[in-house]
Each structure stands twice: as structure tokens, then as C-alpha cells.
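**Student:** I'll drop the sequence and a predicted model, then ask my questions.
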Amino acid sequence: MSDVFTKAGSVSSVINRKGQSTASGKFSPSFGVHRGLIKDPNWPPAEFPEHGTAASRRFRRVEMQFGVELRGEAHQVRGDVSEGGVMFLLDRKVETKHVDVIVKGRAARAEVLSASKKGTAFAHHCRFIDSAEALPVWEAVASS
């Protein structure tokens, strides 16, 4: 029978420990989730909270197909429209700062805030310049 109080039994396990030499073993999983390197298993939540960022969105978004006019060229695009602005996908990055958004014959001018790569297309995030001018566009969206 061995003596459980001696250190002889635990010495071999301490000596045989090996450090993690892989690149993925050098940071914690929470660090990876926060940096976007590892998908968060708890997102999206089962239900969006009534408080916080998801609930504090100012305008509801409606995903749909609509028209955008860029320097006189009309394009049918897919994206989402809200009372405050639009996001649309296009096969190339728009170099202009202003676009005309057309929904069911109603048009409003919008300012392009940013463009980012989203798959094979570019997502353009725009804000309506004049909220009074954008109101008929939002009413056209709401009526569909």
C-alpha cells in the first residue's frame, strides 16, 4: 500500500506536463469570442431582451426590394428600409455621397454613411437627409 501523504506520487505528473504550443492554445475562449475569432454559442439569445441595445433601436427595419438612383442610373436592390434610412446591397462600392431611394414611386434623398463588403456584394448604409421628405417613403413601406 502506498503512502498517500508523500509527494512521490504527484512528482511524475508535474514533470510530464507539456505547454500548449499551438497558436489556438495561447488565448482563452472568452478572448476569442470578444475578438470575433470564435462564434459565441449564446448568441443570438432565444428571445431578444426588452431592454438594452436590441430594444433601443430607434427605427424598425423592413427587409424588401426597392429602387436606388445613383447619378441618374436606376438600380433595383435588396436591403432594408427604416424611417431613418436604408441599407442596400450592390455589386460594387458606390463612390457618390448621395443616393435617391425609391419605394413604390415615392422618393427621398439619402446620404451614404459607409460601405462594407458583405459576401460578394457591398452593403451601403445610408441616412435620409430630410425626415419630412422620407415620411412618404416610410408610409409606402408600411402600407406594403
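**Tutor:** Alright, I've got the coordinates.

**Student:** mind checking what helix or strand follows the top strand by length along the chain in sequence?
**Tutor:** Criterion DSSP state E: the longest strand present in the chain is strand 106-118. Once strand 106-118 ends, the next helix or strand along the chain (criterion: DSSP states H and E) is strand 121-128.

**Student:** what angle sits between the helix or strand following that following strand and strand 106-118?
**Tutor:** Next along the chain after strand 121-128, taking DSSP H and E as the criterion, comes helix 131-143. Between the axes of helix 131-143 and strand 106-118, defined by axes from the mean of the first three to the mean of the last three C-alpha atoms, to 10 degrees, the angle is 80 degrees.

**Student:** which stretches of this protein have low pLDDT?
**Tutor:** Applying pLDDT under 70 to the chain flags the ranges 1-59, 144.

**Student:** just the helices in it please.
**Tutor:** Using DSSP state H, the helices of the chain run over 8-15, 29-34, 131-143.

**Student:** just the C-alphas of the longest strand of the chain, formatted as CSV.
**Tutor:** Extracted C-alpha coordinates of strand 106-118, given in CSV (Å, rounded to 0.1, in the frame of the first residue of the first chain):
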residue,chain,number,x,y,z
ARG,A,106,-42.1,57.7,-53.6
ALA,A,107,-38.5,59.0,-53.5
ALA,A,108,-36.3,60.5,-50.8
ARG,A,109,-32.7,61.6,-50.8
ALA,A,110,-30.2,59.8,-48.6
GLU,A,111,-26.6,60.3,-47.5
VAL,A,112,-24.2,57.3,-47.8
LEU,A,113,-22.6,56.9,-44.4
SER,A,114,-20.5,53.8,-45.1
ALA,A,115,-20.0,50.9,-47.3
SER,A,116,-18.7,47.5,-46.3
LYS,A,117,-18.0,44.2,-48.0
LYS,A,118,-20.8,41.6,-47.3
